[in-house]
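# Fold the following and give me the result.
(one chain, ligands or ions: 1)
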Amino acid sequence: MAFELPKLPYAFDALEPNIDARTMEIHHGKHHAGYTNNLNNAIAGTALEGKSIESILSGLDMNNAAVRNNGGGFYNHSLFWNVMSPNGGRKPKGELATAINTAFGSFESFKDAFSKAAATRFGSGWAWLCVHKGGKVEVCSSANQDNTLMPGIGCGGFPVLGLDVWEHAYYLHYQNRRPEYVENFFNVINWDYVAKLYAENK
Ligand code: MN3
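So this is what the prediction gives:
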């Protein structure tokens, strides 16, 4: 069974003005679709065919560039669409809020750490909030389409929040102003979904 491009859970323009419709259309319909097709081509006829994406990434041969780049791209964007919502923003609640406060001292300190990870990732990559077994959360970043499910990448926990800082994610609207894109991402974070991933993977 081949991997399929997941449907966006909202309209292309639903995240305006924080993320513009044209960027969403190209990002989902071209970039994510490309990673999905290339992943399917890379695993066709190999031992990886039929495995879950989590299993493929956690057991990845990091020298397998086609699966590393496209498997990461498939997974990362599937997560990315779901951690955003037109009804997002505000702050996390419940046990996720407690975990963030325990790790960072406050939501504002977490936001600073996450924004710094996103701003200082040189070139293309992702910023992450991860959960470790036991419930501790940590912020890190990774290059290209790598993610923390892969062996030896970033802080190594389960990614519950990811931010794409490739230029294709923001350049049409923000040009070189990555920090402004990161700041506005906080207006659309779907904390209910992040909390669900936290609860399932802590
Ligand atoms: Mn992208």
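# Next one: K116 from the ion, what distance?
According to CB to the ion, to the nearest Å, K116 and the ion sit 20 Å apart. For the C-beta atoms, the positions are set from N, CA and C on the backbone; glycine is no exception.
# which element is that residue on?
helix 107-120 (DSSP states H and E).
# Run the chain-centre distance for that helix.
With CA atoms, centre = their mean, to the nearest Å as the basis, helix 107-120 stands 15 Å off its chain's centre.
# can you check stretch 194-202 too?
14 Å.
# Also stretch 121-136?
Counting by CA atoms, centre = their mean, stretch 121-136 is centred 9 Å from the centre of its parent chain.
# Is any residue of it near the ion?
No - using CB under 5 Å from the ion, stretch 121-136 stays clear of the ion, with a minimum separation of 8.4 Å.
# helices or strands next to the helix holding K116 in the packing?
Helices and strands touching helix 107-120, by 3 or more CB pairs under 8 Å, 6 or more residues apart in numbering; DSSP states H and E, are helix 94-104, strand 125-131, strand 137-143, strand 158-164, helix 178-185.
# Of those, which stretch is the most buried?
When the helices and strands packed on helix 107-120 are scored by mean count of other CB atoms under 10 Å, the highest mean neighbour count falls to strand 125-131 (a mean of 26).
# F12 is nearest to which of the helices and strands packed on helix 107-120?
Among the helices and strands packed on helix 107-120, strand 158-164 comes nearest to F12, with 15.8 Å by CB to CB.
# Run the chain-centre distance for that closest one.
With CA atoms, centre = their mean, you get 4 Å for strand 158-164.
# Looking at the chain, which helix is longest?
helix 65-82 (DSSP state H).
# Would you mind naming what in this protein lies close to the ion?
So the chain meets the ion at 164, 166, 169 (CB under 5 Å from the ion).
# Turn the residues you listed into CSV, including pLDDT and distance to G89.
Formatted as CSV, the residues of the chain next to the ion follow (pLDDT from 0 to 100; distance: CB to CB, whole Å):
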residue, pLDDT, distance to G89
D164, 98, 18
W166, 98, 23
A169, 98, 18
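# May I have the predicted confidence score for the closest residue to G50 other than its chain neighbours?
Spatial nearest neighbour of G50, chain neighbours left out: M1 (6.5 Å); criterion: CB to CB, 6 or more residues apart in numbering. On pLDDT, M1 comes in at 70.
# The one 3 residues further on now?
In this prediction, E4 carries a pLDDT score of 98.
# ok, it touching A33?
No - judged on CB atoms under 8 Å, E4 makes no contact with A33 at a distance of 10.0 Å.
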